[in-house]
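S.K.: below is the structure, and that's it, no one-letter string:
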Ligand code: TYC
């Protein structure tokens, strides 16, 4: 006997389509004490930016107060936030890094 029930609406999704994971923006906040050089190093090392792109993002954060470094699934975003804050504290800087659901 078939399990088909015409009253039960099934979600129609092609075989290739799957739900996208929720994504999180990782952002740096400006402050008056962290050096520009350190922020650029973080953007290159943690966010894999080129030195040119890292400098552009850093200056944008410096001028605007906040800036997006990248958009990642939850656990990747969380790891990057923790890595940035650990590196900052180890180097004596108050640099803040936050994440926000897209
Ligand atoms: N405002 C800092 C300075 O003038 C540089 C800076 C840029 C700090 C970006 C944090 O997320 C930041 N030294």
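M.R.: Perfect, thanks for sending it. Remember, predicted model here, so these are calculated numbers, not experimental data.
S.K.: distance of the residue nearest to residue 47 when sequence neighbours are not counted relative to residue 22?
M.R.: Using Cβ to Cβ, 6 or more residues apart in numbering and skipping the chain neighbours, the partner closest in space to residue 47 is residue 69 (4.7 Å). Quick note: C-beta positions are derived from backbone N, CA and C, even for glycine. Residue 69 sits 18 Å away from residue 22, taking Cβ to Cβ, to the nearest Å as the criterion.
S.K.: which one of the two is surrounded by more residues?
M.R.: A count of neighbours by other Cβ atoms under 10 Å puts residue 69 above the other of residue 69 and residue 22, at 26 against 10.
S.K.: my guess is that one contacts residue 29, does it?
M.R.: No. Residue 69 is not in contact with residue 29 according to Cβ atoms under 8 Å; the separation is 11.0 Å.
S.K.: joint contacts of these two?
M.R.: Applying Cβ atoms under 8 Å, 6 or more residues apart in numbering, one finds that residue 69 and residue 29 are jointly contacted by residue 97.
S.K.: so which residues make contact with the helix or strand hosting residue 61?
M.R.: In this assignment (DSSP states H and E), residue 61 forms part of helix 51-64. With Cβ under 8 Å, 6+ apart as the test, helix 51-64 has contacts from 28-30, 36, 39-41, 43-44, 47, 49, 67-69.
S.K.: cutoff 10 Å now
M.R.: 27-31, 34-45, 47-50, 66-70, 95 (Cβ atoms under 10 Å, 6 or more residues apart in numbering).
S.K.: which of the residues you listed are close to the ligand?
M.R.: Residues of the contacts of helix 51-64 in contact with the ligand (Cβ under 6 Å from any ligand atom): 28, 29, 30, 31, 34, 35, 36, 39, 95.
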